[in-house]
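J.: following is a predicted model, sequence given first.
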Amino acid sequence: MTNTEQMVEVAKDLTEALAPYVISGKGAKMELTSESISVIYHSLVGFTSRNEQPNVDMKLPFSVLQSLGEVS
């Protein structure tokens, strides 16, 4: 299994674990593994990069979007 495939599996597990808290609107205290923290971090970096760049075609690879953020 590749690193990306592993990250996708961890992301699916996190989604399942967090869904009840999102639905109920209640907070939660959770202990996270280093893999979970890494997936959350990379997801947030990707999300902010895609949403901070005006007029960027969403079909650009993530590495290009990240480079645009570093240049601006």
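T.: Everything's here; your move. Just so we're clear, the structure is a prediction, and the values are computed from it rather than from any experiment.
J.: per-residue pLDDT of the closest residue to Gln66 other than its chain neighbours, please?
T.: Closest residue to Gln66 apart from its sequence neighbours, by CB to CB, 6 or more residues apart in numbering: Ser49 at 5.5 Å. Placement of C-beta: from N, CA and C, glycine included. We have a pLDDT of 77 for Ser49.
J.: Ser49 contacts Val64, correct?
T.: No. When contacts are counted by CB atoms under 8 Å, Ser49 is not listed as touching Val64 (9.8 Å).
J.: neighbour-wise, which of the two wins?
T.: Between Ser49 and Val64, counted using other CB atoms under 10 Å, Ser49 has the larger neighbour count: 19 against 14.
J.: in three-state terms, label that one for me.
T.: helix (DSSP: H, G, I helix; E, B strand; the rest coil).
J.: Lys26 too?
T.: Lys26 is classified as coil under three-state DSSP.
J.: so what's the residue count around it?
T.: 8.
J.: can you show me the helices along the chain?
T.: 3-24, 34-52, 62-71 (DSSP state H).
J.: which of those helices comes out lowest on mean pLDDT?
T.: Among the helices of the chain, helix 62-71 carries the lowest mean pLDDT (a mean of 70).
J.: just give the nearest non-adjacent residue to the residue most central in space within the chain, would you?
T.: With distances taken as CA atoms, centre = their mean, Ser43 lies nearest the centre of the chain, 1.2 Å away. Sequence neighbours aside, Ala11 is the residue nearest to Ser43 in space, at 6.8 Å (criterion: CB to CB, 6+ apart).
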